[in-house]
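Engineer: Output the structure for:
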Amino acid sequence: MSKRNVEMNIFQALLERRSVRKFTDQPVDVEDLRRILEAGRWAPSGKNNQPWRFLVVRAEDSRQTALAGLTKYGHIVRDAQALIVVFLHKQAMYHEGKDHQAAGACIQNMLLAIHGLGLGGVWLGEIISQEDQVMEALQLGTEEYRLMAVIALGHPAQPSSRLDGTGGSSRRPLEELLLEAL
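Structural biologist: Reported below is the predicted structural model:
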């Protein structure tokens, strides 16, 4: 594959990916879940410490209902066919800021993998405001893990608005974001 084809595929995925919040009842294949988790596993991290840990909650698991009750986005959590709960393992961490950045890269890798597999997903960050209750519902200790996000995913119930990178979302012009002109 030429460099140009790789660039086009990467940029196409970056521009086309959208947050999907409505899912069909079709289950997510276990092999697809493995591929998504592998994408997260290969994210960059400072000192290659790989501080992330994952918990997959499948549809119909009682923990899905418990998580749905802990966020204002409960309807998304309830309708998802799988949830990937992302944590930082405190023993693996070496710098809070860098490890949080690594978790963000890990989450983005998984969101891009979800899109690349033809699935839909959304990063739910609001739920971290209820970290203690989430950890209790998942029977995990806050002394060992730090909640970073929940990714809700499944087969999209409707197609994304537009696949040219312009539909359903907007971005500020690049010039507005640059501190100095290129």
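Engineer: Next, please give the residue ranges for the helices of this structure.
Structural biologist: Per DSSP state H, the chain carries helices over the ranges 3-16, 30-41, 62-68, 74-79, 96-116, 131-137, 174-177.
Engineer: Please identify which of these is closest to residue 23.
Structural biologist: helix 74-79 (5.1 Å; C-beta to C-beta). (Each C-beta comes from the backbone N, C-alpha and C, glycine too.)
Engineer: Find the nearest non-adjacent residue to residue 133, please.
Structural biologist: residue 70 (5.2 Å; C-beta to C-beta, 6 or more residues apart in numbering).
Engineer: So the one you found is in contact with residue 127, correct?
Structural biologist: Yes. If you go by C-beta atoms under 8 Å, residue 70 and residue 127 touch, sitting 6.1 Å apart.
Engineer: Common neighbours of those two, please.
Structural biologist: residue 134 (C-beta atoms under 8 Å, 6 or more residues apart in numbering).
Engineer: thinking again about what came up before, deepest in the core, which of the helices of the chain is it.
Structural biologist: Of all these, helix 96-116 carries the top mean neighbour count, a mean of 19, counting by mean count of other C-beta atoms under 10 Å.
Engineer: Give me the contacts around that one.
Structural biologist: Contacts for helix 96-116 (C-beta under 8 Å, 6+ apart): 13-14, 16-18, 35-46, 49-52, 84, 86, 88, 93, 120-121, 123, 148-149, 151, 153.
Engineer: and with 7 Å instead?
Structural biologist: 13, 16-17, 35-36, 39-40, 42-46, 51-52, 84, 86, 88, 93, 120-121, 123, 148-149, 151, 153 (C-beta atoms under 7 Å, 6 or more residues apart in numbering).
Engineer: Keeping just the C-alphas, turn it into PDB.
Structural biologist: Taking Å, rounded to 0.1, in the frame of the first residue of the first chain, the C-alpha atoms of helix 96-116 are listed here in PDB:
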ATOM      1  CA  GLU A  96      -0.900  11.900  36.400                       C
ATOM      2  CA  GLY A  97      -1.100  14.400  33.500                       C
ATOM      3  CA  LYS A  98       0.800  12.200  31.000                       C
ATOM      4  CA  ASP A  99      -1.100   9.100  32.000                       C
ATOM      5  CA  HIS A 100      -4.400  11.000  31.500                       C
ATOM      6  CA  GLN A 101      -3.200  12.000  28.000                       C
ATOM      7  CA  ALA A 102      -2.300   8.300  27.300                       C
ATOM      8  CA  ALA A 103      -5.800   7.300  28.400                       C
ATOM      9  CA  GLY A 104      -7.200   9.800  25.900                       C
ATOM     10  CA  ALA A 105      -5.000   8.400  23.100                       C
ATOM     11  CA  CYS A 106      -6.200   4.900  24.000                       C
ATOM     12  CA  ILE A 107      -9.800   5.900  23.900                       C
ATOM     13  CA  GLN A 108      -9.400   7.700  20.600                       C
ATOM     14  CA  ASN A 109      -7.700   4.600  19.100                       C
ATOM     15  CA  MET A 110     -10.600   2.500  20.200                       C
ATOM     16  CA  LEU A 111     -13.200   5.000  18.800                       C
ATOM     17  CA  LEU A 112     -11.300   4.900  15.400                       C
ATOM     18  CA  ALA A 113     -11.300   1.100  15.500                       C
ATOM     19  CA  ILE A 114     -15.000   1.100  16.200                       C
ATOM     20  CA  HIS A 115     -15.600   3.300  13.200                       C
ATOM     21  CA  GLY A 116     -13.200   1.300  11.100                       C
END
